[in-house]
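K.L.:
whatever this is, show me its structure:
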Amino acid sequence: MVAGVQVISERKLSPRVRAGLDVARAAAAVYVVLHHAIHVGGPVGVLFSFGQEAVLVFFLLSGFVIFANERDRSVRPGGYFLRRLRRIYPPMVFAMLVSTALWAVGLITATPTLTSAIGTLFAVQDISFLKPGVITDPYLGNSPLWSLSYEIAFYAAFPLVMIMWRRSERAARIVVPAVAIVAYGSYLAAPNHFSLVAAYFLMWWAGAMLAHLWTNDRLRLSAAFPELAGLVGLNVIAAVGVLFYDYDGVGVFPVLPLRHSAFVLLLFILVFTPVRRWLGTMSVRVAGSAASVAGISYGLYVMHYPLLVQTGANSSWWSFSLAALLTVVLAWVADKLLPRLLPSAPRD
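P.N.:
A predicted model of the protein is given here:
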């Protein structure tokens, strides 16, 4: 107990909510893999063309789970940061080593650079051909690693935001959306990585506030007005950016951030509709299978691109099947074994 409020562990969520989280993690991970591995035209190609939106599902889920698990424990930053370090770095570094090994034997043609290696380790990587202001691309072209620079920054910001939260919940819920809108405005004026990450924090924070409202039995759209207004404002400023910059396609800046913010706004609103209950019911029916995939979803995310795509394994069924099996095995190692190499942090 901290400040009279009990820590809400993900283990204490209802079976329906746990099942929903697992299904969402599993579905997002599998979708991202298929998005990169399947190259076909027609309706199937269109269906699997929203890989970046699937990553935003991870942002919302991460915000929900981190707030539910770490809201009060973040007052002890040592344990909090060790838990985050154990979760995100061992699989990421392992993926970088796998990419290096594939490059060394000639299976990856991308060129490793010290800048991208250091930039990825220090979480400032992004995809430069999609947006301006990028510091460095992900190491050895493993493009899904772009999102980890955002995720790590969100982890780092969370305890700081919670300091303000403990003083005034209302102030925190107003300041975070306001900062995000101003940050994206500053990005439009002078594109830079840090302004973009600050703007996207609202998309992660929206998931955190869903956890807050759910644990307090206040999951009503009226109770989510600060986040709703912030997401609407972020969409407005992103739309303004589309007007002021040259159009270069729906998959790149300036349209891409508008796609992202619009998708998160849509998901956020859907949570307050009967769709949430329907998805919860459906999720319970596949909870067991989904939990197995969700348990290695992060490993699948960081491992699949070099093994399935960059090696050209998706050029034939037999090579794809072999690479897919190796991806699952290495994802299991990354998610289940490697984090144990670091010391455990106290959970309470």
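K.L.:
average pLDDT across the top helix by length along the chain?
P.N.:
Longest helix in the chain, counting residues (DSSP state H): helix 77-104. The average of the pLDDT scores along helix 77-104 is 96.
K.L.:
got the buried residues for the helix or strand that that helix is followed by?
P.N.:
Toward the C-terminus, helix 77-104 is succeeded by helix 114-121 as the next helix or strand (DSSP states H and E). Of all the residues in helix 114-121, those buried under the rule 16 or more other C-beta atoms under 10 Å are Ser116, Ala117, Gly119, Thr120. Where C-beta positions appear, they are placed from N, C-alpha and C, glycine not excepted.
K.L.:
show me which of these is closest to Thr327.
P.N.:
Among the buried residues of helix 114-121, Thr120 lies closest to Thr327 (C-beta to C-beta), at 19.5 Å.
K.L.:
for the buried residues of helix 114-121, which two are the farthest from each other?
P.N.:
Within those, two members stand farthest from each other by C-beta to C-beta: Ala117 and Gly119, at 7.2 Å.
K.L.:
find the residues that touch each one of these two.
P.N.:
Residues touching both Ala117 and Gly119 (C-beta atoms under 8 Å, 6 or more residues apart in numbering): Tyr139.
K.L.:
quick one, phi/psi of Thr125?
P.N.:
For the record, residue 125 is Gln, not Thr. phi -90, psi 150 (degrees, to the nearest 10).
K.L.:
now swap in Phe122 and tell me
P.N.:
Backbone geometry at Phe122, expressed as degrees, to the nearest 10, gives phi -100, psi 10.
K.L.:
quick one: it from Asp22, how far?
P.N.:
Noted for Phe122: a distance of 31 Å to Asp22, by C-beta to C-beta, to the nearest Å.
K.L.:
in terms of neighbours, single out the busier of the two.
P.N.:
Neighbour count, other C-beta atoms under 10 Å: between Phe122 and Asp22, Asp22 has more, with 23 against 12.
K.L.:
contacting residues around Pro177?
P.N.:
Contacts of Pro177 by C-beta under 8 Å, 6+ apart are Leu202, Trp205, Pro226, Glu227, Ala229, Gly230, Leu231, Gly233, Leu234.
K.L.:
include neighbour count and distance to Arg170 when you put those into TSV, please.
P.N.:
Listed next are these as TSV, based on neighbours: other C-beta atoms under 10 Å; distance: C-beta to C-beta, whole Å:
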residue	neighbour count	distance to Arg170
Leu202	26	16
Trp205	29	14
Pro226	19	8
Glu227	25	13
Ala229	14	13
Gly230	27	14
Leu231	26	18
Gly233	19	17
Leu234	28	20
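K.L.:
so where's the stretch 201-348 of the chain shaky on pLDDT?
P.N.:
Across the stretch 201-348 of the chain, the ranges flagged by pLDDT under 70 are 346-348.
K.L.:
what segments of it are helices?
P.N.:
With helices called from DSSP state H, counting those that start in this stretch, the stretch 201-348 of the chain shows them at 225-244, 255-270, 275-285, 287-294, 297-304, 317-332.
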